[in-house]
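>>> what's the 3D shape of this:
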Amino acid sequence: MTSSSINLKVFLHKRFILRLIIGSGIVFIIAWLFTAPLIVKPLYESEAIVNPPLTLVSQQYYQQGIGFRGDAEIDWYVQVLLSSMLRDSIAQRFDLYEQLGIDDTTSSGRSQMHRKIAGAVRVEKNRYGSVSIRVRNHDPYMAA
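Okay, the predicted model is just below:
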């Protein structure tokens, strides 16, 4: 081998390493831009766990006032939390119509608000007899 072919191999090897470093840097910067908080807003979640009260008088008497609620009462509680009356109350209390720019005088505006609340709020029955209420939003105040 001649010295010129060795120099060419070293030159190509250095050039390859330089291109590899530059390419890796560009890929890293592009990946960071797509996952940066400037582009992807953080999503905040707030959770409240509620224990529904025992409301059946016959069970209170049978359980001697201890108050273990049954599945029926938990389901009733979940239905109340998912009701449209409660959604309307939440929307009025926190001025959601004004904050989201929805006209509350029309029926389509009301249904649009119900869809937004249903998309942000999850009400689930836990296996320990409690109800979990989770709210997700991009604004931490609204999530709380």
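>>> mean confidence score for stretch 29-40?
Confidence over stretch 29-40 (mean pLDDT, whole number) is 78.
>>> That one: end-to-end distance?
Using CA to CA, to the nearest Å, one end of stretch 29-40 lies 15 Å from the other.
>>> What of stretch 95-114?
Across stretch 95-114, the terminal residues are separated by 14 Å (CA to CA).
>>> Need the contact partners of it.
Stretch 95-114 is contacted by residues Ser84, Arg87, Asp88, Ile90, Ala91, Lys116, Ile117, Met142 when judged by CB atoms under 8 Å, 6 or more residues apart in numbering. Yep, even glycine has a C-beta here, placed from its N, CA and C like the rest.
>>> In this structure, where is pLDDT below threshold?
1-12, 37-38, 54-69 (pLDDT under 70).
>>> Need the contacts of stretch 95-114 in a markdown table (columns: neighbour count).
Rendered in a markdown table, the data for these read as follows (neighbours: other CB atoms under 10 Å):
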| residue | neighbour count |
| --- | --- |
| Ser84 | 12 |
| Arg87 | 20 |
| Asp88 | 16 |
| Ile90 | 13 |
| Ala91 | 21 |
| Lys116 | 15 |
| Ile117 | 18 |
| Met142 | 16 |
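>>> No further queries at this time; thank you.
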